[in-house]
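> The sequence isn't on hand, but the structure is:
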């Protein structure tokens, strides 16, 4: 059995080393950049019409049939090979182009640089495109189209794939695609997201969706309420418990929810009631802790109300990992196009909620920067943002960001030596995640060992004595 001393020693030594100073990165040639910007500019009106068509026909997750139809028709017309119903999902698609003429110039054992982009196109209930997924849709299309034209014109040995990804708003389309094998062969994968600031490294939180249902016993609320067990009491107590718990969680943690079922009529004691909750944390280990605390709140509510509890874990997103090499290449390209970024500290301090692209970023080297839509003080997931998402200024900002991720990808394709530091940074970040998980496991075992030690000490002596005060925590814990 491990001692507390050994556990704590392991916990203290579980960190990683320091990173070496970053070397200057190569730049994309002016000719290739001009091809990127020229391609997007020549398709500006068509992309604008595509964005407005999606915006005016909002569709919920896994129901985006019209959006998929217009997007795939647009891409097929421009020379992409389309795979519909990709990975067994009706509203997912792939659009791929690989330039075979470049192959003879490559080494016999060489492979094309595999570039991935993502488009999203689902809307929010009641709000429509309040998250700007019509902009994200055309950003992916514009980036893929510009990359394709550069591959052809400049004889670049690369393959570009646009992943049409449904149901980002809680449906986890990319999670399902990953489970079916998507993204596995990509060297890099990128997309962009609209927002109220420029941020090349936003902190997107790990997230767990939970459906909570309480079961009680129905009764007439006036004639015999004592014969009933109120399931709605369980839901109300759960919200109250979570509200009190927020005082003791990390400042970066978030827990929020809605009531989905409060009963049928006010004169019936509800025998069924339910809610949906979302828990978010900076990373998976912290999310695990937060979920455990939150479920304890649900369980206590069930015990206090005399109801039965069922918790269903419906969808989980991991935190977003921004590949540092891709981040700098994107910043480099946006800077060329006149954009100024806040400091790294300011960007890292800003949270953009959660995204299923976080799961992608743990599978392949990825980047999802946030770009400023050009309208200050308007947050996503609000009615004002619905109007912003169809504005000319937001459209122009979208195409600039799309050109920048295309240019960043083409920098990698034309400087293949970048694949090594990109991959190394990805593996280093993955190792860091594993160390965090191991550290959390060690910390939990330390806590259990302390509790067991306290319990063992308490068995040999009463906690309260007429002759002495109760022992303090330090007096019953073993000496380290």
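That came through, no problem. Not measured: the values here are computed from a predicted model. Residues are numbered from 1 along each chain as shown.

> and the closest residue to residue 254 other than its chain neighbours, how many neighbours does it have?
Here the nearest residue to residue 254 in space, its sequence neighbours aside, is residue 280; by CB to CB, 6 or more residues apart in numbering that works out to 4.1 Å. Where C-beta positions appear, they are placed from N, C-alpha and C, glycine not excepted. The number of residues packed near residue 280 is 22, by other CB atoms under 10 Å.

> same check, this time on residue 74
When counting by other CB under 10 Å, one arrives at 21 neighbours for residue 74.

> Would you mind measuring from it to residue 51?
According to CB to CB, to the nearest Å, residue 74 stands 11 Å off from residue 51.

> does residue 380 count as helix, strand or coil?
Local secondary structure at residue 380 is given as coil here, using DSSP: H, G, I helix; E, B strand; the rest coil.

> ok, it to residue 80 distance?
Using CB to CB, one gets 29 Å for the distance from residue 380 to residue 80.

> Any chance you could list what contacts stretch 272-280?
Counting by CB atoms under 8 Å, 6 or more residues apart in numbering, the neighbours of stretch 272-280 from elsewhere in the structure are 205-216, 231-232, 234-235, 238-239, 242, 253-263, 287, 290-291, 294, 353-354.

> ah, wrong one, I meant stretch 419-428
Counting contacts by CB under 8 Å, 6+ apart, the residues touching stretch 419-428 from outside are 16, 19, 113, 187-188, 321, 323-326, 364-365, 412.

> again, only using 6 Å
187, 323, 324, 325, 365 (CB atoms under 6 Å, 6 or more residues apart in numbering).

> List the buried residues for that stretch?
Taking 16 or more other CB atoms under 10 Å as the neighbour-count basis, stretch 419-428 is seen to contain the buried residues 419, 421, 422, 423, 425, 426.

> Among the residues you listed, name the ones in helices.
Judged by DSSP state H, helices contain the following of the buried residues of stretch 419-428: 419, 421, 422, 423, 425, 426.

> On the pLDDT front, check residue 21 for me.
On the pLDDT scale, residue 21 is placed at 50.

> do the same with the one 5 residues further on
We note a pLDDT of 95 for residue 26 in this prediction.

> let's have the chain start at 292 instead
Happy to do that; since the first residue is 292 now, the last one works out to residue 317.

> Now do the contacts for it.
residue 706.

> Kindly provide the distance from it to residue 381.
In this structure, residue 317 and residue 381 are separated by 41 Å, where distance is defined by CB to CB.

> now swap in residue 691 and tell me
Distance, residue 691 to residue 381, using CB to CB: 33 Å.

> neighbour count winner among the two?
Here residue 691 and residue 381 are set side by side on neighbour count (other CB under 10 Å), and the busier one is residue 691, at 22 against 14.

> Near the closest residue to the more buried one other than its chain neighbours, how many other residues are there?
Closest residue to residue 691 in three dimensions, ignoring its sequence neighbours and counting by CB to CB, 6+ apart: residue 628, at 5.4 Å. Counted with other CB under 10 Å, residues neighbouring residue 628 total 13.

> Residue 363 and residue 373 touch, don't they?
Yes: the pair residue 363 and residue 373 qualifies as a contact (CB atoms under 6 Å) at a distance of 5.0 Å.

> For the helix or strand hosting residue 360, which outside residues touch it?
With elements taken from DSSP states H and E, the one containing residue 360 is helix 356-368. With contacts defined as CB under 6 Å, 6+ apart, helix 356-368 is touched by 341, 344, 345, 348, 350, 373, 382, 384, 386, 412.
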